[in-house]
Structures are given as C-alpha cells and as structure tokens.
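> could you look at this predicted model? Sequence included:
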Protein chains: 4
Amino acid sequence: MPGPVPAPPPSQQTRERILDVAEALFAAHGFAGTSMRDIAGAADLTAASLYNHFDGKEALYTAVLERGIRPLVRLMQSHATAEPGADAAAALVAEVMEHLRTRPHLPRLIQLEVLTGGELLARLARDWVRPLLEYGVAEMKREAAPWDPDEYPLVIAAWIHLVIGHFTMAPIFREALDEDPLAPRLLEKQTRFLQKLARLLSSSPRRRAK
Amino acid sequence: MPGPVPAPPPSQQTRERILDVAEALFAAHGFAGTSMRDIAGAADLTAASLYNHFDGKEALYTAVLERGIRPLVRLMQSHATAEPGADAAAALVAEVMEHLRTRPHLPRLIQLEVLTGGELLARLARDWVRPLLEYGVAEMKREAAPWDPDEYPLVIAAWIHLVIGHFTMAPIFREALDEDPLAPRLLEKQTRFLQKLARLLSSSPRRRAK
Amino acid sequence: MPGPVPAPPPSQQTRERILDVAEALFAAHGFAGTSMRDIAGAADLTAASLYNHFDGKEALYTAVLERGIRPLVRLMQSHATAEPGADAAAALVAEVMEHLRTRPHLPRLIQLEVLTGGELLARLARDWVRPLLEYGVAEMKREAAPWDPDEYPLVIAAWIHLVIGHFTMAPIFREALDEDPLAPRLLEKQTRFLQKLARLLSSSPRRRAK
Amino acid sequence: MPGPVPAPPPSQQTRERILDVAEALFAAHGFAGTSMRDIAGAADLTAASLYNHFDGKEALYTAVLERGIRPLVRLMQSHATAEPGADAAAALVAEVMEHLRTRPHLPRLIQLEVLTGGELLARLARDWVRPLLEYGVAEMKREAAPWDPDEYPLVIAAWIHLVIGHFTMAPIFREALDEDPLAPRLLEKQTRFLQKLARLLSSSPRRRAK
DNA sequence: GATGAATGAGGATTCATTCAT
DNA sequence: AATGAATGAATCCTCATTCAT
C-alpha cells in the first residue's frame, strides 16, 4: 500500500507551473507568437529564471509537447493490446475525448505543430498516427466495414479530424453557435455523436455505395 | 463573347505576387512566424517596397485572408440558393474540395486564424460558418436524417472538420502514409470518400442508435 | 506707373506653396521632426514631386530660412541708414513686431535653428545679430543711456529676447493666460509695452544702480 | 550631523548617467533629432539596454524633463511663500540664474518643448508659469509699479523671456560677440544686468508713459 | 511638373540569451 | 533558484531619395 505521495521539491513545482502556462500560450499564439517574457510573466517569473529550468525556448517547447503527447501515445498503446471488441472504437473515442477535455490545449498544440511542420512532426507521425492507422485498419479488416480496403486509412484519418477538429475549431463554433464547444455539455454531446457515428460507420449496410 | 482580358497594370501584378507569396508563408509559419523580409524576399522585393502596396503587416495579412475567403463565401452563397436536392451535400463537398485543391494554403490559413483567435474570426463565423450551419440544418430537416435535431449542428461541424482537416493535417499523414494527401490521387479519393459518407449519413437507417 | 504684375508661372506658385507649408511644419516640429512626406501632404503633392522644386530636404529647409530671414535683414539695413532719432528704437521694434505678425513662424524657425546649431547660425549671426548690435551700441552711445558701456550688448540682446520670446513662448502663455499672445490684441499691447520699455530704458534716471 | 550618503546602487547610477546624456542630446537636437542609439552610445551602452531603465524614448524624454523642471518649480514655490520684500524679484532672478548655470540644458529643453507643443506644455504652464504670473502680479500690485495693471503679465513674461532667452540664444551671441554667454563672466554680468533692470522697472518714475 | 514604385539606411523596439549577484 | 542589467540579432516600419512613366 503506497504511502502519501511525497510533495515534489519546489523546483519541480515551478517547472510544472512553467510547463502549464507555456502550454496554454504556445497553444494560443504558436511558437513564434509566444515570447519567453510572456511565459515568464504568466508564471510569475522573470525571463531569465526560465533558463534555470529549461535550456531555452526550443527546449521548453519540446518539453511542453512531450509532456502533452506522452499520455496520448500511452492511451493508444493500451488499446492496441486490449481485447478488440465491437465497441472498441467507441471506447477509445470516449477515452480520448475525456483525456482531451482535461487538456484542451493539446489538440491545438498538435495542430500548430503539424501546420508549421515542426521538428516533432516526424515523431508524432511515428508514435501516434502510424500505430493508430495500423490498429484501426486491422480492426476494420476484422469487421468487414462498409468501405473499400484502400479507404480504411481515410476512415481512420476522418476520426482524427473529427476529434482534433472539435477542439481546434472550437473558437469559430463558439462564435457561430453562441455556445462553447469545449463546455462539458457539448463535449459529452460530441462524444455521444462520435460513438453513434462509429456504429453507423462500421455497421454492414445492406447495399454498398458506388 | 468577351474580348481579350486587358493585361493588369504592373503594379497590380506586383500586388498579386506579394499576396501569393504572403499567403504561402503565412500558411506555413503563421502570422508571427513570418517576417516582412521573408515575404519581400520571396516576392523579389525589399521589405520597404511592401509598404508601397500594403499599409503594414497586419493589413497585408488581412488582404491575404480576405482574398482567400471571398471565393469560399461565394461558393456557399451560390449553393444556398441552389435547388436543394438529394445530392446537394455531395455536390457542395466536391466543389469545395476542388476549389481548395487549387488553394491548398487556405484551410491552413483559416485554421491558424481560428487557433490564434485573430480579428477575422468573427467575420469568418458570420459569413461562412453560420450560413453553412443554417443551410445544412435546413437540409437535414427536409431529409429526416438519422440524427436528433440537436445533433444537426454537430453533423455540419463534422463536415467542416473533415474537409479542413484533410488539408491542415496533411503533413502528418504525408509522414505516416508515405503519400501526399494533397496529391491529385488522394484528393480525389478523399472527395469520393466524403460523398459516400454523405449518402451514409443521410440515409434513413432501420434502427436509431442511442 | 507699373502695369499689373504678371501672374507667376504655375511652377512658381507651387514653389511658394511648398515653402509656406514647409515653413509652418519646420517651425512646429523642427527639421528632424518634419518629413518630406508631411510637407508634400500639406502641399497636396507627393514627396517625389518636391524634388522637382528643391534639391532635397536640406535645400528646402535652407530656402525656407532664407526667404524668412531676408526681409528681416533688409529691415535692419534700412534702419541702419535711417536718421537715428530719439524714437528710432521704438520705431524699429514696432516695425519688426508688425513684420513678425504676418510671419509668426519665423521667430520659431530662428530659435530652433539657433538651438540646434544649424548651418545657417553663422550667417544669422553675421547678417542679422552683429549689425543689430553695432547699430544699437552706436545709438546707445549717442544717447547716454543709463547703462555701463559694456552692458550695451546686453541691452540689445534683451531686445532680441523680448521680441523673439514673445513668439517662441507663445504656446505656454496661451495655456497660462487663456489668451493667445499672437492674437492682434495682445500683439499690439506687447508692441506698446516694448515701446514704453524703450523710453524707460534710454531715459536718464536720477540715480544709477550698482 | 548627517552620516555619509550611502552610495546609490549601480543601477541608479546608470539611470542617472542616461538621464544626463539624454538631457544634453535632447537639448541639442530636439526629441526627433535624437536617436536612442545616440543616447545609448553617449552613455556607453547599447540601445537595447536603455529599455532596461526606461519604457521607451518618450518615457525617457519625459523623465529628463521631469527631473529638470522639478527643482525649478520648487524654487518658485519657496519664493512664493517667502517674505515679499523690495528686492524679492532681484533675489529670485539671481537664484534662478545660478540654478540654470549648473543646468544650462534646461532652458533649451523647455524652449523646445514649448515650440513643438509637447505633452508637458500644459503641466509647465500650470506648475511653473501660472504661479509665477500670480506671484509676480501680486508683487507688482503691492509696489505700484510704473505699469498699467493689464501690463503686469507682460512684465512677468518679459522676465521669463530675458532669462530663458539668454540661454536659448546663447549660440548666436557666441558667434556674434566672440564670447560665450554661458561662461561664468557673462552669466554674472547678465545677472547683475537683470537685477539692475528689476530696480529700474519697479521704481516709480515721475511721469507715466503712454 | 507629377507620380507610383523601388530601395538603402536608419528609426524605435522586442527578442532570446547570458552573467554577475 | 531568482533576478536585473546587458547585448546582438532581428523585428516592423519610416525616411529621403531616385527613376521610369
């Protein structure tokens, strides 16, 4: 039985605080649009102090991304080894949505990184998208989904777009719908919508299109 | 029969050239990540010369966005008034995809603008997303789609995510698939996939989920 | 009897217009604080057009100063040769004040030029201040004014300060007095005040100070 | 008996050094004619370093003016409350001249600020000129000076012009007289001249002019 | 004579980073 | 671990000037 978690040393606390505000700022303004002073200010520090915790702006950015992506990759891995059942996709989607709910900056960070072709893009592709594609394609083969096999990757990509897009496009729908897509109510609705979609997409329809 | 288009004055040519390279650079590195010198260099000019054509960086960025978004809005409007038939959605998707094929920077620009909450976000929401939502929701009501009415907006949003996402996430799939999602072959495949999906989504299924 | 003055060629008109606005702007913001574009704009021209009339900024500035100072120097010269009477000083002061009333920018221009040690300073000293000193000292010698001979220059300098200062310090007295020192009423009052002072300064008082 | 003044921290020293050189440069070339690089260079710094001490050029300029004007205002205030005697004006003039001797840039700064209508003009009028006017007018009323009451402000203004003008016009008299008006000898002579003038101006003459 | 477009030089300011304290 | 001060490089932008039209 584990005892109480020992309080992290203050330096560790500061480090996490920096990562938190940096994550928010990088997600909101991108790498180039975020200055070390901005981050320091938001963390109640001086820019110089950041260098006591990170080797520089690039290193800080990398640390933010690493910390954000790791749980996502782990989530993927745990599902890859899990019993592939009928509702596996629905379960994965729900879990991912739930995770992103607590880290809403993460999809934005990923999207920005992808858009600006950052250095972590290759790693993201290798550790996150490729496993997801392999896992998903295998699953679809097993299920005889209503798609051509060479459409399988597009289906997987579609899932990614739907999940990520819900977060990255949130601001514009907030404007257009007068409701925050990241509020709990809409997040749950979107999750249920995606699960419904999952069943629809994998069910064998009577007739094949095209 | 229209006569030959008169050659635009050279100054107009320069202006368009600047807009072209600025569009590419802003889409690739974001507003903050693109310097006036970069743009000038790509347009074979000095940074100072840019100011003979635009009032400043912000104005240039706005001009790029305006020019990019206008055709998109017009596309939407022409469809809003068109005969709403069974395959209206499929036709619209195809047209949008075809338009974006020739302006692949545009979805990235929009995504960046949305992410960083730029000033045009409100306009985008008003002129582009809101009409799309209204048009789509009306269409779905007519068709008795297999969704709850309060899910209709999510369906429309899903379409947007699928179209935009295909472009904004292209780099990572290029890495993961070893094939360029923006190459003609994959663009066509994605278009057909989306049209198939359109039929699937609007067909009345036997049983309702949830 | 001279016939009607022939209308100056349009180029001459433009030239004068440029000089007028340049005079005002240089007087208000100094040489460094005034841009060619400012001047051009105020003259309803493009900066490039200024170069059709003047060789450059420096040349334009010089022309402004020349044009402004010439009448002042001529005024001095005409008085130097005039009959030196008792009220010569009073008459000179009145004439100078009257001239400056129509060219209120001139004292400011001179003051700025003196402050920033421009190139025309030497010329101003030679053509304007030195003759004034010589003329004034001679006059005072003749009149047995109530001053030590080596104070004579100070008296002349005082006159200059009083006349120039009235114009250059006008803005601050406009603030402090709630009345414009350059309005006709105050200009006349100041002129009469200076003439009164002239009599006071040159009258032989009963007792000598110091 | 006060103990030794504690050495100011080095940062304060740098700040003062910057203010010193900025005062000289602003006085010599005006606000627009002085670049941050010039100031930095004269203070043995980089332009960027100036921003560690001041928020920008405008702020630095304001700080220079504030620092310069404060003692002047205080001088005025101390005299306003002092015993108004016959030679009060003479004493004040002497003190002001003595103060300006050690800060010869100050009158130029003020003159420039007045000429270009800077933001501090209103404050100068309120804190410096207006009290001086009130104090002086009161004094003159008490003394039955040889002037119409509505000429009193002109007399006060005349004093200001004579004191300020001596400094702001120094360069041109340096040229014309071959002697520096700001050298101790001439400064003292000017002070004695002004005091003599004070007595002359306030003595009741037998006859009234006008 | 007027102008739009182009440009090199320089303007103020911000940036990421270093270092002594 | 935190910071104030310093700085070189780069930011956006303005400037005076030129030149083809």
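Good, I have the coordinates. Numbers count the residues shown, from 1 in each chain, chains lettered A, B, ... in the order given.

> residues of the helix or strand hosting A:Ala22 that come out buried?
Counting by DSSP states H and E, the element that carries A:Ala22 is helix A:10-29. For helix A:10-29, a neighbour-count test (16 or more other Cβ atoms under 10 Å in any protein chain shown) marks A:14-15, A:18-19, A:21-29 as buried. Where you see a C-beta, it was placed from the backbone N, CA and C, and this is true even at glycine.

> end to end on stretch A:33-46, go ahead and measure it.
Start to finish, the residues bounding stretch A:33-46 are 18 Å apart (Cα to Cα, to the nearest Å).

> just stretch A:113-126 next, same as before
End residues of stretch A:113-126 are separated by 14 Å (Cα to Cα).

> any bit of it sitting next to DNA strand F?
No. Using Cβ under 7 Å from any atom of the strand, stretch A:113-126 stays clear of DNA strand F, with a minimum separation of 14.7 Å.

> contacting residues around the helix holding A:Ala22?
Helix A:10-29 has contacts (Cβ atoms under 8 Å, 6 or more residues apart in numbering or on different chains) with A:8, A:34, A:38-39, A:42-43, A:45, A:50, A:53-54, A:60-61, A:63-64, A:67-68, A:105-106, A:108-109, A:112, B:32, B:115-117.

> how many residues are close by A:Arg185?
10 (other Cβ atoms under 10 Å in any protein chain shown).

> among the buried residues of helix A:10-29, which one lies nearest to DNA strand F?
Nearest to DNA strand F out of the buried residues of helix A:10-29 is A:Thr14 (Cβ to the nearest atom of the strand; 4.5 Å).

> just the CA atoms of the helix or strand of chain A with the lowest mean pLDDT, as CSV, please.
Taking mean pLDDT, DSSP states H and E as the measure, chain A has helix A:130-143 as its least confident helix or strand, at a mean of 84. Taking Å, rounded to 0.1, in the frame of the first residue of the first chain, the C-alpha atoms of helix A:130-143 are listed here in CSV:
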residue,chain,number,x,y,z
ARG,A,130,1.0,5.3,-37.6
PRO,A,131,0.1,3.0,-34.7
LEU,A,132,-3.4,4.4,-34.9
LEU,A,133,-3.6,3.6,-38.6
GLU,A,134,-2.3,0.1,-38.1
TYR,A,135,-4.6,-0.6,-35.2
GLY,A,136,-7.6,0.8,-37.0
VAL,A,137,-7.0,-0.8,-40.3
ALA,A,138,-6.6,-4.2,-38.6
GLU,A,139,-9.8,-3.6,-36.7
MET,A,140,-11.7,-2.7,-39.9
LYS,A,141,-10.5,-5.7,-41.7
ARG,A,142,-11.9,-7.9,-38.9
GLU,A,143,-15.2,-6.1,-39.0
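
> what's the closest non-adjacent residue to A:Glu98?
A:Thr191 (7.7 Å; Cβ to Cβ, 6 or more residues apart in numbering or on different chains).

> what pLDDT does that neighbour get?
The per-residue pLDDT reported for A:Thr191 equals 94.

> quick check: mean pLDDT of stretch A:78-87?
67.

> I meant to write stretch A:17-28 there.
pLDDT averaged over stretch A:17-28 gives 97.

> can you give me how far that stretch is from the chain middle?
Put simply, stretch A:17-28 sits 15 Å off its chain's centre (Cα atoms, centre = their mean, to the nearest Å).

> and it, does that touch DNA strand F?
No. Contact of stretch A:17-28 with DNA strand F (Cβ under 7 Å from any atom of the strand) is absent, the minimum separation being 8.5 Å.

> can that stretch be found next to DNA strand E?
No. Stretch A:17-28 lies out of reach of DNA strand E by Cβ under 7 Å from any atom of the strand, never closer than 10.3 Å.
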